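Peer 1: Here is a sequence together with a model predicted from it:
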Amino acid sequence: DIQMTQSPSVLSASVGDRVTLNCKASQNINKYLNWYQQKLGEAPKLLIYNTNNLQTGIPSRFSGSGSGTDFTLTISSLQPEDFATYFCFQHNSWPLTFGSGTKLEIK
Amino acid sequence: EVQLVESGGGLVQPGRSLKLSCAASGFTFSDYNMAWVRQAPKKGLEWVATISYDGSSTYYRDSVKGRFTISRDNAKSTLYLQMDSLRSEDTATYYCARHGGPYGYPFFDYWGQGVMVTVSS
């Protein structure tokens, strides 16, 4: 199975900050990396698919980059509604696997 | 609007069975592969099982093979997960999810709100 490792596990930031979340795959997953946002008690929401494609309706302050094994999610200017947990996810091979998440907290 | 609504969760003793349902609306259910994904309390997400759009193919994670069965009724736009021989480690919120990536990419684009399953004596 492909292991997905996210860092940091917790990130404290302020409204307006630019933040970067990291995700590393245990083997090459090409471009097949997605990012999901999950708020407490809610279902995950798809933000970005295939490394850098913004899902419909997602604000442009979210962006993704990377390839192979190393990927990043960047939020250019944090808004109050962005404080949540973010999971990366690979769909290059089965079983499909998720990272353990980065919790983005208000500083 | 795509909606996925799970039901059937609850408290069950180890070794017993439970069947989850997911009612879909807002899209042509029979056009999409569907899945169950779970999340143990305060843990990450874990893919559980997938079924093809017509029900002809199913896929499971190793830890549930032989115990869980995913199925669907396209006439009712409903997805199911039959869970037998339940273990404490199956305790989680179970989400129904649609495999909706363009060009057949197998990622999840819509999720239900989830249903809690607790396995405990």
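Peer 2: Arrived safely, thanks for sending.
Peer 1: Spell out which residues of chain B are next to chain A.
Peer 2: Neighbours of chain A within chain B, by CB under 8 Å from any CB of the partner chain: B:43-47, B:59, B:61-62, B:95, B:101, B:105-114. (C-beta placed from N, C-alpha, C; glycine too.)
Peer 1: Spatially central residue for chain A, please.
Peer 2: Most central residue of chain A, judged by C-alpha distance to the mean C-alpha position with CA atoms, centre = their mean, is residue A:35 at 3.7 Å.
Peer 1: Now do the phi/psi pair for that one.
Peer 2: Here is the backbone geometry of residue A:35 (degrees, to the nearest 10): phi -120, psi 130.
Peer 1: Please apply the same query to residue B:104.
Peer 2: Per degrees, to the nearest 10, the backbone of residue B:104 is at phi 80, psi 10.
Peer 1: Per-residue confidence at it, what does it come out as?
Peer 2: pLDDT recorded at residue B:104 is 79.
Peer 1: show me where pLDDT drops low in chain A?
Peer 2: Across chain A, nothing is flagged by pLDDT under 70.
Peer 1: Residue A:19 and residue A:78 touch, don't they?
Peer 2: Yes. Counting by CB atoms under 8 Å, residue A:78 is a contact partner of residue A:19 at 6.2 Å.
Peer 1: Name the residues contacting each of these two.
Peer 2: Shared contacts of residue A:19 and residue A:78, defined by CB atoms under 8 Å, 6 or more residues apart in numbering or on different chains, are found at A:13, A:104.
Peer 1: still on that earlier bit, right, and the residue nearest to the centre of chain A touches residue A:90 too?
Peer 2: No. With contact defined as CB under 8 Å, residue A:35 does not count as touching residue A:90 (11.1 Å).
Peer 1: looking at this, residue B:103 is in a strand?
Peer 2: No. Residue B:103 is assigned helix when assessed by DSSP: H, G, I helix; E, B strand; the rest coil, not a strand.
Peer 1: Spatially nearest residue to residue A:47, not counting backbone neighbours?
Peer 2: Leaving aside its sequence neighbours, residue A:47 sits nearest to residue A:35 (CB to CB, 6 or more residues apart in numbering or on different chains; 4.7 Å).
Peer 1: Kindly report the same for residue B:77.
Peer 2: Closest residue to residue B:77 apart from its sequence neighbours, by CB to CB, 6+ apart: residue B:29 at 4.0 Å.
Peer 1: now residue A:64
Peer 2: residue A:48 (4.2 Å).
Peer 1: ok, now which ones touch that neighbour?
Peer 2: By CB under 8 Å, 6+ apart, the neighbours of residue A:48 are A:34-35, A:54-55, A:58, A:62-64, A:73.
Peer 1: out of those, who's nearest residue A:99?
Peer 2: residue A:35 (9.4 Å; CB to CB).
Peer 1: which residue ranges form the helices in chain B?
Peer 2: Counting by DSSP state H, chain B has no helices to list.
Peer 1: which residue is nearest the centroid of it?
Peer 2: Nearest to the mean C-alpha position of chain B, by CA atoms, centre = their mean, lies residue B:36 at 2.5 Å.
Peer 1: Let's verify residue A:5: helix, strand, or coil?
Peer 2: Applying three-state DSSP: residue A:5 is strand.
Peer 1: could you say what helices and strands the helix or strand that contains residue A:103 packs with?
Peer 2: Residue A:103 is part of strand A:102-106, with elements assigned from DSSP states H and E. Taking 3 or more CB pairs under 8 Å, 6 or more residues apart in numbering or on different chains; DSSP states H and E as contact, the helices and strands that strand A:102-106 lies on are strand A:10-13, strand A:19-25, strand A:85-90.
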